[in-house]
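Enquirer: got a structure for you, letters missing:
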């Protein structure tokens with residue numbers, strides 16, 4: 001049986017990602033899916049993001065820690081909103 005991850009490994013970009021409350025978060029830690037240290041670091045950063053109040057209002061602003069967030073358009077058009085924005 002396979003291992004259950006809370007985050008998804010993006011093989012082509014070599015980063016962890018998580019879709020949470022309408023925002024796609026990217027975490028630049030780890031070298032591959034089996035790098036448990038990098039996974040734990042990314043998971044800790046996700047928990048920090050979850051703990052921040054009003055996260056969706058600040059998703060377009062720059063932040064440290066190698067975290068990126070992308071918004072999905074409410075209209076569903078993939079051209080109306082950039083696919084990812086820096087957090």
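Expert: That came through, no problem. Source: prediction; values computed, not measured.
Enquirer: Residue 29 contacts residue 46, doesn't it?
Expert: No - with contact defined as C-beta atoms under 8 Å, residue 29 and residue 46 do not form a contacting pair (10.7 Å). Backbone N, C-alpha and C define where each C-beta goes, glycine included.
Enquirer: just the helices in the chain please.
Expert: 36-51 (DSSP state H).
Enquirer: mind showing which ranges of it have poor pLDDT?
Expert: Scanning the chain with the threshold set as pLDDT under 70 gives 1, 54-87.
Enquirer: and the closest residue in space to residue 8 that isn't next to it in sequence, what is it in contact with?
Expert: Ranked by C-beta to C-beta, 6 or more residues apart in numbering and with sequence neighbours excluded, the top spatial neighbour of residue 8 is residue 17, at 5.2 Å. Counting by C-beta atoms under 8 Å, 6 or more residues apart in numbering, residue 17 touches 7, 8, 9, 10, 24, 25, 26, 27.
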